[in-house]
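**Q** The sequence isn't on hand, but the structure is:
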């Protein structure tokens, strides 16, 4: 009896799992076979074609490499309906899909003219094997920015104007995907450039103010001045370091601690800070300099237009597979609409570059679920929450 | 026996757990001389936390019960539970920490660069976690039933509710302190009564403890095979327990992870000296128990049987409190680990609410299981979770860390064949379809064959799919094995 009940339980558990996996896998994917219930055969064929094309697109978005070509070639061949399809770059064959792989060594000879001219060419395969069905081929260029990156070659048993036309169209479609890949790359480069720009931005005001504050201690309290100078040296070394895009939460909080020591030297008792850190989250890896701009923001807002005390709370808590960092000030706050404009990048050049930059970098690294969460209102202070996953492929803290 | 003491002790443990977890010893300073980076969790504290999370109902109740029933052969249980950390220390601890992985699925994805491998590991983690949770909940049910006469399901439901409430309220946030506190609580709860029991035994003129082989109930048709099955499962299974792996992330670096493991060996080794004392004295003072079914309860009943009176009641209450700490700490650690995997890899979308939903799911399934299945010694049930872990995660970790030619298809094949076959074998055993002879022995202690199956499948399929070696293997290996001090890294200046 127990056994039977357990079996039922096991089956239920298995079903639950299968359901979860399917949901997880299916989310966001099209189901082309459903469309066969409705629509004419022509529409059905269109859907099929679009679906095959959409399957070929993701590998190509990684650029033209042996791996991506291999994955895409299979899809592209079923799109063209030929016996064999080949993708090359300027020097060699990247992928061969279908029959007659022995043609591979002649392909580069056939496409030499095309690589020079950039125009579609057709050729007889000149195969010595009489049983080989691949008698004729057509090659079309893959171009990005008017440069020929490679070729797409399709083979058929006989000459076919339809295939020649189709191969040309598919090659153009592939070219568009490769251009998008190029675009992705330049976007990443842009973000990297932005990170570098942000590192450089820390300096002018802050360096001037800190040095002035330290100078004021040199006579009255030389020991403190010395300590502050060391903090300053450490802080700038961390902020200007050149290698690595990632750091650990411990290092980041350490740098914030030094930053706050320097700020306190300037503002004295007007600024009080509470740090609350769960030691479990200190080893978490995270993008470099993601918290410092937020703290700087809190300090600025907290002290802006006030002569009285300002209080800042920084807490880092353990939340299962994530670390949750909250930075809160009791300052002037901000109109939510204005904040929204800033985060959309419409706030003008001078305001909130720090917030926008941090938000974009977090989204870039962890996905859109992990942007900044900001709660604020005019006169109501500001509370910024950052969630950092404890592990993400490619993010390492050193 | 007075129930009020027991109820009070259990209530105190529950409340203390929630209090230490929610409001307890967090780092919280308002001063300026506060260097966060130097405040990482020390190896000693982390070792106590791992030990606290690790010492479950099986250690607290099960070992003594088995020893009482089946004699000294059962000492392989505490030996195996401890020695697993030796293997972990030598082969896995530091590289695993340096990999930066928080969970086993993270490790699989980072090392193999493959989403499918990640999914397979996730499924197995959930499976092993649930297997491990069932005996914890059963132990809780048994404890409360014997000590207070509450219905059997009550203890299991109570533990489940406390865990869900604590996790959902965010009350387990300073989990390191909670778990470290639980270790010392458990140690005290066994140590103090043990001292009194030994004194009482001394006072009785030290009667000899008799483990006459003819009187011991035979435990398996093939005891030698069963012992080897147990040894392999526990030695190799510890490294893959989801709640243990998660805790290594807290160490600041690989070296600290190693020192933490060493600390765990010492703490756990010390703890495991105590259950045999209970087992041996139980043999002497609780012969009725030796014949009954619930040998797991021997630890709970001994103080009352040997000492009696108010002192016995108080000591019994202390043991009960410790036992509850064991259920709570292991159950909450496992639930968090399983829930984390469920949110990340199984449930469709993410967010804080989903973590709470996943927590519910993570504990409800084993709760159902614990109510349906009964009658298996706690230590045996836990050993099954070890067997699954040993035949799936051990090959993955060992080969992933030490073998450059592991490929994603190889890893998946090994996980499915090794872990899958162990899971199926255990499913058949639990359902009671095969009850005797070699088939039963092979299915009840699968590690002897399923671990080699897992390793072989992983190696052979990897060799057959050489072209699929992940491109980042060299970088990953470098990161695993190079001490952090040698990695390029910005350091703080001299102070």
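**A** Yep, it's here. As the structure is a prediction and not an experimental result, all values here were calculated from the model.
**Q** contacting residues around residue B:403?
**A** B:459, B:462 (C-beta atoms under 8 Å, 6 or more residues apart in numbering or on different chains). No exception for glycine: its C-beta is placed from N, CA and C like everyone else's.
**Q** swap in residue A:75?
**A** Per C-beta under 8 Å, 6+ apart, neighbours of residue A:75: A:52, A:53, A:55, A:56.
**Q** Residue ranges in chain A under the pLDDT threshold?
**A** A:1-38, A:194-203, A:242-244, A:306-307, A:346-353, A:397-398 (pLDDT under 70).
**Q** Would you map the helices across it?
**A** A:2-26, A:41-60, A:66-80, A:104-117, A:161-201, A:203-217, A:222-239, A:249-267, A:292-303, A:336-343, A:353-366 (DSSP state H).
**Q** Give me the buried positions along the third one.
**A** The one in question is helix A:66-80. A:68, A:69, A:71, A:72, A:73, A:74, A:75, A:76, A:77, A:78, A:79, A:80 (16 or more other C-beta atoms under 10 Å in any protein chain shown).
**Q** wait, the fourth one sits on residue A:85?
**A** Same thing as residue A:72. No: taking C-beta atoms under 8 Å as the definition, residue A:72 is not a contact partner of residue A:85, at 9.7 Å.
**Q** any residues in contact with both of these two?
**A** With C-beta under 8 Å, 6+ apart, residue A:72 and residue A:85 have no common neighbours.
**Q** where does chain B have its least confident helix or strand?
**A** strand B:27-29 (a mean of 46; mean pLDDT, DSSP states H and E).
**Q** tell me which of the buried residues of helix A:66-80 is nearest to residue B:135?
**A** residue A:71 (45.9 Å; C-beta to C-beta).
**Q** doesn't residue A:57 make contact with the closest one?
**A** No: Residue A:71 lies out of contact with residue A:57 (C-beta under 8 Å); the separation is 10.6 Å.
**Q** The helix or strand containing residue B:77 packs against which elements?
**A** Using DSSP states H and E, residue B:77 maps to helix B:76-87. Secondary-structure packing of helix B:76-87 (3 or more C-beta pairs under 8 Å, 6 or more residues apart in numbering or on different chains; DSSP states H and E): helix B:63-70, helix B:223-237, helix B:254-271, helix B:378-402.
**Q** right, so of those, which gets closest to residue B:158?
**A** Using C-beta to C-beta, the helices and strands packed on helix B:76-87 put helix B:378-402 closest to residue B:158, at 17.0 Å.
**Q** residues contacting the residue nearest the centre of chain A?
**A** When C-alpha atoms, centre = their mean is applied to chain A, the residue found nearest the centroid is residue A:364 (4.0 Å). With contacts defined as C-beta under 8 Å, 6+ apart, residue A:364 is in contact with A:188, A:191.
**Q** ditto for residue B:167
**A** B:332, B:335, B:336, B:339, B:356, B:359 are the contacts of residue B:167 under C-beta under 8 Å, 6+ apart.
**Q** Output those residues in JSON lines; the columns should cover secondary structure, pLDDT and neighbour count.
**A** Formatted as JSON lines, the contacts of residue B:167 follow (DSSP: H, G, I helix; E, B strand; the rest coil; pLDDT from 0 to 100; neighbours: other C-beta atoms under 10 Å in any protein chain shown):
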{"residue": "B:332", "secondary structure": "helix", "pLDDT": "86", "neighbour count": "29"}
{"residue": "B:335", "secondary structure": "helix", "pLDDT": "89", "neighbour count": "28"}
{"residue": "B:336", "secondary structure": "helix", "pLDDT": "85", "neighbour count": "26"}
{"residue": "B:339", "secondary structure": "helix", "pLDDT": "86", "neighbour count": "28"}
{"residue": "B:356", "secondary structure": "helix", "pLDDT": "76", "neighbour count": "17"}
{"residue": "B:359", "secondary structure": "helix", "pLDDT": "85", "neighbour count": "25"}
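**Q** What is the nearest of those residues to residue B:410?
**A** residue B:339 (29.5 Å).
**Q** So that closest one versus residue A:387, what's the distance?
**A** 16 Å (C-beta to C-beta, to the nearest Å).
**Q** now residue B:185
**A** From residue B:185 to residue A:387 the distance is 33 Å (C-beta to C-beta).
**Q** Equivalent analysis for residue B:55, please.
**A** Taking C-beta to C-beta, one finds residue B:55 at 32 Å from residue A:387.
**Q** Also residue B:382?
**A** Counting by C-beta to C-beta - residue B:382 and residue A:387 are separated by 34 Å.
**Q** go on, residue A:220?
**A** Relative to residue A:387, and taking C-beta to C-beta, residue A:220 is found at 44 Å.
**Q** One more: residue B:142?
**A** Distance from residue B:142 to residue A:387, by C-beta to C-beta: 40 Å.
**Q** Just want to know which of the two has more residues nearby.
**A** residue B:142 (23 against 20; other C-beta atoms under 10 Å in any protein chain shown).
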